[in-house]
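>>> predicted structure and sequence below. I'll ask about it afterward.
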Amino acid sequence: QVQLVESGGGLVQPGGSLRLSCAASGFTFSSRALGWFRQAPGKERELVAVIAWSGDIRKYGDPVKGRFTISRDNAKNTVYLQMSSLKPEDTALYYCAAYHDRWGAGLHLLEGYDYWGQGTQVTVSS
């Protein structure tokens, strides 16, 4: 049974930091790229960051470049998203997802991801 379980969300003030985690099971974690997406109310789900199977290639969405860092630990089947300098516009439900391959084209497209977590809420507000 495939599972992706996100944790670490919460309420944080503007300028603060949070670290999200996503624990995976039920598939070969180390052979897939892993991504973080987010969806705010009334908006489409968008790619935040994605990391290749080996951890040596990363891609970020423009709104988070320089503020967020994605990483993974294949020994623990876990992917992380370190978020810093948070802004109110970062408020969203954050999802982790497993891409169908180690890396590839179209990483920003939802249909390339086979497995999804249930999401963890991040709220940035004073």
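In hand now; what should we look at?
>>> name the element the residue nearest the centre of the chain belongs to?
Nearest to the mean C-alpha position of the chain, by C-alpha atoms, centre = their mean, lies W36 at 1.8 Å. For W36, the element it lies in under DSSP states H and E is strand 34-39.
>>> that strand packs against which elements?
strand 18-25, strand 46-51, strand 68-73, strand 78-83, strand 92-99 (3 or more C-beta pairs under 8 Å, 6 or more residues apart in numbering; DSSP states H and E). For every residue, glycine as well, the C-beta is placed using N, CA and C.
>>> partner strands of that strand, with direction?
Using DSSP bridges, the strands paired with strand 34-39 in its sheet are strand 46-51 (antiparallel), strand 92-99 (antiparallel).
>>> looking at these, which is nearest to A40?
Across these, the minimum distance to A40, taken as C-beta to C-beta, is reached by strand 92-99, at 4.2 Å.
>>> list the contacts of that closest one.
The contact list for strand 92-99, computed with C-beta atoms under 8 Å, 6 or more residues apart in numbering, reads 2, 4, 6, 9, 20, 22, 24, 27, 29, 32-40, 43, 45, 48, 50, 79, 81, 107, 110, 112-122.
>>> gap between the strand holding W36 and the chain center?
Using C-alpha atoms, centre = their mean, to the nearest Å, we find the averaged C-alpha position of strand 34-39 to lie 4 Å away from the chain's own average C-alpha position.
>>> and that strand, what's buried?
Of the residues in strand 34-39, those buried under the neighbour-count criterion (16 or more other C-beta atoms under 10 Å) are 34-38.
>>> can you pull the contacts of I51?
Neighbouring residues of I51 by C-beta under 8 Å, 6+ apart: 33-35, 57-58, 70-72, 79.
>>> what are the bridge partners for it, then?
When bridges are assigned using DSSP bridges, the partners listed for I51 are L34, R58.
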